[in-house]
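Q: Whatever this is, show me its structure:
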Amino acid sequence: MTDLDAVIHVPARLRIMTTLDEALEEGDEMTFPALQKLLDMTAGNLTTHLAKLADAGYVELTKTFAGRKPVTYVGITLTGRAAFRAYRRQLLELLGGTSS
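A: Numbers count the residues shown, from 1 in each chain. A predicted model of the protein is given here:
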């Protein structure tokens, strides 16, 4: 058995990846405040964990403007979705469940 992905295994990052995998279709994004509200995390905590996920290539952050107001969009990459699903399969196998 291979080791679980240490980047995803941190509870806060696991919550982020689970939410993005379930909430977004391929190529979709959500705003940072929408994700923050879904997860009930502080902006600083979410920013820190998103940076780790972005460094691993699992999420993509797009910064833009709506008028003069900055807006950050968060999306899960194909690499991130594959890594999350592999992590999920490994965890289910470890727990004796199915990987459907």
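
Q: Where does the residue lying closest to Met41 once chain neighbours are set aside sit, in terms of helix or strand?
A: Excluding its sequence neighbours, the residue lying closest to Met41 (Cβ to Cβ, 6 or more residues apart in numbering) is Ala12, at 6.9 Å. Where you see a C-beta, it was placed from the backbone N, CA and C, and this is true even at glycine. When elements are defined using DSSP states H and E, Ala12 is found to belong to helix 11-23.

Q: And the helix or strand following that helix, what does it pack against?
A: Proceeding N to C from helix 11-23, the next assigned helix or strand is strand 30-31, under DSSP H and E. Contact here means 3 or more Cβ pairs under 8 Å, 6 or more residues apart in numbering; DSSP states H and E; on that basis strand 30-31 packs against strand 69-76.

Q: Quick one: residues in contact with the helix holding Ala12.
A: Residues external to helix 11-23 that are found in contact with it (Cβ atoms under 8 Å, 6 or more residues apart in numbering): 7-8, 30, 35, 38-39, 41, 45-46, 49-50, 52-53, 58-59, 74-76, 80-81, 84-85, 87.

Q: So which bits of that helix are buried?
A: If you call a residue buried by 16 or more other Cβ atoms under 10 Å, then helix 11-23 has these buried ones: Ala12, Arg13, Leu14, Arg15, Ile16, Met17, Thr19, Leu20.

Q: Quick one: those as JSON lines, columns for distance to Leu95 and pLDDT too.
A: Rendered in JSON lines, the data for the buried residues of helix 11-23 read as follows (distance: Cβ to Cβ, whole Å; pLDDT from 0 to 100):
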{"residue": "Ala12", "distance to Leu95": "20", "pLDDT": "98"}
{"residue": "Arg13", "distance to Leu95": "19", "pLDDT": "98"}
{"residue": "Leu14", "distance to Leu95": "14", "pLDDT": "98"}
{"residue": "Arg15", "distance to Leu95": "18", "pLDDT": "98"}
{"residue": "Ile16", "distance to Leu95": "21", "pLDDT": "98"}
{"residue": "Met17", "distance to Leu95": "18", "pLDDT": "98"}
{"residue": "Thr19", "distance to Leu95": "21", "pLDDT": "97"}
{"residue": "Leu20", "distance to Leu95": "22", "pLDDT": "98"}
